[in-house]
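Q: Turn this into a model:
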Amino acid sequence: MSEYSPERRRANRQLSILSVRCRVAHGMSPQVWLTELSTHGCQLVIRAGSLKQDQRVVIKPKDMEGIAGKVVWVVDVKAGIEFEKPLHEAIVDHLLNPPLRPDDAPLVDRFGRPVPDLPRSRHTSLRSCL
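A: Residues are numbered from 1 along each chain as shown. Next comes the predicted model:
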């Protein structure tokens, strides 16, 4: 059994797909995908050969401060990162469930009920909705 197998993890990882930046010591900041996240680490999908085991990295999610960590394993296009300091559960929750932007928020009536979308046909007249 590998030292970093799921049975030996300190915290459960949750599946996600987040586009993040990954800064390394020599300044490269490749775009990577964060595919699993826990309070103690994450898994990244990377360009093969872009990260090495024991390398220090800073994961930078959009609109957040960087999260320092160390590459603990690399297999092909995946890498496991152990965070220097565990993340607070609220930060993990925020990353997994980002707040809705105003234009993404569903329309609701004055009672908080969702309002159905109007038909988008250019032939639909206002009378057909009444």
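Q: ok, how many other residues are close to the nearest residue to residue 67 once chain neighbours are set aside?
A: Computed as C-beta to C-beta, 6 or more residues apart in numbering, the closest residue to residue 67 that is not its neighbour in sequence is residue 59, at 4.6 Å. Using the backbone N, CA and C atoms, a C-beta is placed for each residue, glycine as well. For residue 59, the count of nearby residues is 22 (other C-beta atoms under 10 Å).
Q: just residue 53 next, same as before
A: Residue 53: 11 neighbours (other C-beta under 10 Å).
Q: What helix or strand is it located in?
A: Using DSSP states H and E, residue 53 maps to neither a helix nor a strand.
Q: And the pLDDT at residue 115?
A: Residue 115 is assigned a pLDDT of 77 by the prediction.
Q: how near is it to residue 107?
A: Distance, residue 115 to residue 107, using C-beta to C-beta, to the nearest Å: 4 Å.
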